[in-house]
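J.: Okay, sequence plus prediction incoming.
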Amino acid sequence: MAERVELWWARRQFSKGAEVPYPVGAYREAWASFPALIRQYHPELNAGIALTQIPPAADVLLLWQCEAGHKFAATPDEQRHRPGRERRRSAWCPECSSVARPPRALPMRDVVTPLGSPVPAAIAAPVGRAVLKPRRPARRRQLCPKTPDVAVGEAFLSECAPKPASAVEAQLRADLFGRVGVTPGLNAVRVARPFFDHVEVWPDILLPELRVAIEYDSTGRHGLEHVGDREDADRRKDRALRAAKWEVVRIRTGGLEPLGPHDLQAPGWNAKTLARLVDALRAIRGPLLVDPYLS
């Protein structure tokens, strides 16, 4: 019988004789293919235990919260075997799933109409004759109207761009702009095709004069960043930037594999990584263009 996560964790501490029976990241690969569950799991709802510390086969009752705010309890096995997987996000929440997929109506032959009531056309139609239904108009994607009307490939300051949340990213920005004297403060590039609900993308750092975007990718506190669907989004962003005549350099840490031809694998951000990044800029745009901006 499934037990609460606090009791399960205490029992594993006792049986293994360790304060942390499963280290963070121990089951990273097992959960990486379930991005919907990664989004719905919150350590603060589960005694501070990270998802990558929980074996997928553990008979433990976890608390989940979907994007709509519904909270529900389920075991890892129940969550991993819910219908929908990547096809429908709501299928990972029982409450959202019931709204998205209401019970099927009875076949028309089983519908009983009151005596004397007009028979619907669908019932009156002869068997075997198709009843045409009006086609719903295609739903157009609503794009954010805040993107300025600038040319594709132009860098600008966007009010929609998220604020940097990583201390490493802030240090990277300070070190890079101290070494490369290009225009600071820009955070978005106009692209030709919609990227989610915008026609702009927000790389971590932009070097406008060189038309190079810098991204710093780590696996995050729970070891699940930039994997699965998030990696697919990274690839889409890179394609959008290259279509706008920009190049991308990703600094990939935590064992993440390169996504593009100029990506750098590094243990972290330091002076050596900065030197490698400058060499990558020279390889992309050539020393004659890059060196005048170096200090």
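T.: Cool, the structure landed. Numbering: from 1, shown residues only.
J.: beta partners for Y41?
T.: Under DSSP bridges, the beta-bridge partners of Y41 are W64.
J.: Neighbours of it, how many?
T.: Y41 has 24 neighbours, counted by other CB atoms under 10 Å. To be clear about C-beta, it is placed using only N, CA and C from the backbone, and glycine gets the same treatment.
J.: OK, contacts around it?
T.: Contacts for Y41 (CB atoms under 8 Å, 6 or more residues apart in numbering) come out as 51, 62, 64.
J.: what residue lies at the spatial centre of this protein?
T.: R230 (3.8 Å; CA atoms, centre = their mean).
J.: can I get the CA coordinates of whichever strand or helix holds E231 in CSV?
T.: Assessed by DSSP states H and E, E231 sits inside helix 229-243. The C-alpha coordinates for helix 229-243 follow below in CSV (Å, rounded to 0.1, in the frame of the first residue of the first chain):
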residue,chain,number,x,y,z
ASP,A,229,10.9,19.0,-24.4
ARG,A,230,13.1,21.8,-23.1
GLU,A,231,15.9,20.6,-25.3
ASP,A,232,13.5,20.5,-28.2
ALA,A,233,12.6,24.1,-27.5
ASP,A,234,16.3,25.1,-27.4
ARG,A,235,16.8,23.5,-30.8
ARG,A,236,13.8,25.5,-32.2
LYS,A,237,15.1,28.7,-30.8
ASP,A,238,18.5,28.1,-32.4
ARG,A,239,16.9,27.4,-35.7
ALA,A,240,14.9,30.6,-35.5
LEU,A,241,18.0,32.6,-34.7
ARG,A,242,20.0,31.1,-37.5
ALA,A,243,17.1,31.8,-39.9
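J.: Give me the contact list for the very next helix or strand once past it.
T.: Remark: after helix 229-243, the chain's next helix or strand is strand 247-252, criterion DSSP H and E. Under the criterion CB under 8 Å, 6+ apart, residues 172, 203, 211-217, 226, 234, 237-238, 241-242, 258-260, 262-266, 269, 273, 277, 280-281, 284-285 lie in contact with strand 247-252.
J.: Over to stretch 14-34?
T.: Here stretch 14-34 makes contact (CB under 8 Å, 6+ apart) with 9, 12-13, 37-38, 50-56, 79-80, 85, 219, 221-224, 227-228.
J.: picking that back up, most surrounded residue in the contacts of Y41?
T.: Result: L62 is most packed of the contacts of Y41 (other CB under 10 Å), 26 neighbours.
J.: from what I can see it touches A74, true?
T.: Yes. Applying CB atoms under 8 Å, one finds L62 in contact with A74, separated by 6.6 Å.
J.: Tell me where this structure has strands.
T.: All strands of the chain, identified by DSSP state E, fall at 3-4, 60-65, 71-74, 155-156, 188-195, 198-201, 205-207, 212-217, 247-252, 264-265.
J.: I'd like to know which elements the last one is packed against.
T.: Counting contacts by 3 or more CB pairs under 8 Å, 6 or more residues apart in numbering; DSSP states H and E, the secondary-structure elements packed against strand 264-265 are strand 247-252, helix 271-285.
J.: For that strand, which strands pair with it and how are they oriented?
T.: In the sheet, strand 264-265 lines up with strand 247-252 (parallel) (DSSP bridges).
J.: Give me the angle between the strand it pairs with and strand 212-217.
T.: Between strand 247-252 and strand 212-217, the angle comes out at 20 degrees (axes from the mean of the first three to the mean of the last three CA atoms, to 10 degrees).
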